[in-house]
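K.L.:
Predicted model and sequence below, questions to follow.
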Amino acid sequence: MTQPWDYIAKIVSLGDSGCGKSSLTIRLCEGRFSPHHDVTIGVEFGSRIVPVGPPASLDLHINNPKAASSPSPTSPTKKNQEQPQKHMKLSLWDTAGQETYKSITRSYFRGASGALLVFDITRKNTFLSATSWLHDLRQIAEEGIVVVLVGNKSDLAAASTVSGQNGDNQRQVTKEEAEEWCRQNGVMQYVETSAKSGEGVERAFLEVAERIYQNIEAGKYDLNDRRSGVKGPTAGGGNQARINLGMNDAARGRKGQQGWGGCC
């Protein structure tokens, strides 16, 4: 039986504790929101298969919004839409944000091809910590890792009331601040999400997946290298392709999990 994916990529989520990293992963994988989630100890794991490349990327206006908004019968966009859709299995490693577990969670940065750097838009200090998290990631992960900055809990940044008061708006970090931080730190994208409502969650993961796919197309990964964070369909024997977890083996990595595995 042919596997339902063309590539598998290791993605890590990182950021301060309480930003909703686990909730984002659960929302993506299981389509639900848990208002009461235990603090992550070490890492948790999930997986999801997503479309990458055209035609899906064009329909979603990811990386090529101009081509997607004005296709013509003779344009490359039309040709791309006739190609078979590629799929990528995201191997998601949700790391703990507490300082106590940093020595453990840093190990999982190794071999990652993409990362979601998450902060809470209602807590400015979690945004200020992003610089330190990014530094740790780049010190340990492979050069050129794809990073997307994620501002979570957008549901708490409600629009102003009719009277002009912002009583329900708990936002402490503006989109402009976050986008400027991305420019200054070489992070290619900022996405706001709500794990509670689901808004922007899939988009955040797709932004990472699509850029990894573009790197694959550009030949930037060795898909047969066990140390690589991206694998092709034949690496390790078809569906048994394994991603380097940053530890000695997968069994050791599972000791830090909370008991929920690949859901998709």
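P.N.:
In hand now; what should we look at? Values in this document were obtained by computation on a predicted structure and should not be read as measured data.
K.L.:
For my notes, confirm residue 48 occurs in a helix.
P.N.:
No. With DSSP: H, G, I helix; E, B strand; the rest coil as the criterion, residue 48 is strand rather than part of a helix.
K.L.:
do you know how far it is from residue 210?
P.N.:
Applying Cβ to Cβ, to the nearest Å, the value for residue 48 to residue 210 is 14 Å. Every C-beta, even on glycine, is put in place using the N, C-alpha and C of the backbone.
K.L.:
where does this protein dip in pLDDT?
P.N.:
Along the chain, the parts satisfying pLDDT under 70 run over 1, 36-43, 63-81, 97-105, 158-167, 235-264.
K.L.:
For the stretch 101-250 of the chain, just list every one of the helices.
P.N.:
Secondary structure of the stretch 101-250 of the chain, counting by DSSP state H, counting those that start in this stretch: helices at 102-105, 124-128, 130-140, 175-185, 201-217, 250-254.
K.L.:
Name the residue in residue 48 and residue 210 with the higher neighbour count.
P.N.:
When residue 48 and residue 210 are compared for neighbours, residue 210 comes out ahead with 24 against 20, by other Cβ atoms under 10 Å.
K.L.:
I figured that one hits residue 59, correct?
P.N.:
No. Counting by Cβ atoms under 8 Å, residue 210 does not reach residue 59; the two are 11.8 Å apart.
K.L.:
Ok, which of the helices of the stretch 101-250 of the chain comes nearest residue 111?
P.N.:
Closest approach to residue 111 among the helices of the stretch 101-250 of the chain (Cβ to Cβ): helix 130-140, 9.7 Å.
K.L.:
residues of the closest one that come out buried?
P.N.:
Neighbour-count burial for helix 130-140, counted by 16 or more other Cβ atoms under 10 Å, picks out 130, 133-134, 137-138, 140.
K.L.:
With just CA atoms, put the strand or helix carrying residue 26 into PDB.
P.N.:
Per DSSP states H and E: residue 26 is located in helix 21-30. Provided in PDB are the C-alpha atoms of helix 21-30 (Å, rounded to 0.1, in the frame of the first residue of the first chain):
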ATOM      1  CA  LYS A  21       2.000  25.500  22.100                       C
ATOM      2  CA  SER A  22       0.300  22.300  23.100                       C
ATOM      3  CA  SER A  23      -3.100  23.700  22.300                       C
ATOM      4  CA  LEU A  24      -2.000  24.600  18.800                       C
ATOM      5  CA  THR A  25      -0.700  21.100  18.100                       C
ATOM      6  CA  ILE A  26      -3.900  19.500  19.500                       C
ATOM      7  CA  ARG A  27      -6.000  21.900  17.500                       C
ATOM      8  CA  LEU A  28      -4.100  21.000  14.300                       C
ATOM      9  CA  CYS A  29      -4.100  17.300  14.800                       C
ATOM     10  CA  GLU A  30      -7.300  16.600  16.600                       C
END
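K.L.:
How far does that helix sit from its chain's centre?
P.N.:
11 Å (Cα atoms, centre = their mean, to the nearest Å).
K.L.:
Show me what it is packed up against.
P.N.:
Under the contact criterion of 3 or more Cβ pairs under 8 Å, 6 or more residues apart in numbering; DSSP states H and E, helix 21-30 touches strand 7-14, strand 43-52, strand 86-95, strand 114-120, strand 146-152, helix 201-217.
K.L.:
returning to what we had before: check the buried residues of helix 130-140 and tell me the two furthest apart.
P.N.:
Across the buried residues of helix 130-140, no pair lies farther apart than 130 and 140, at 16.1 Å, counting by Cβ to Cβ.
K.L.:
got a markdown table for the helices and strands packed on helix 21-30, with distance to residue 195 too?
P.N.:
Listed next are the helices and strands packed on helix 21-30 as a markdown table, based on distance: least, Cβ to Cβ, whole Å:
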| stretch | distance to residue 195 |
| --- | --- |
| strand 7-14 | 11 |
| strand 43-52 | 13 |
| strand 86-95 | 12 |
| strand 114-120 | 10 |
| strand 146-152 | 6 |
| helix 201-217 | 6 |
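K.L.:
right, and these - which one's nearest residue 226?
P.N.:
strand 7-14 (11.8 Å).
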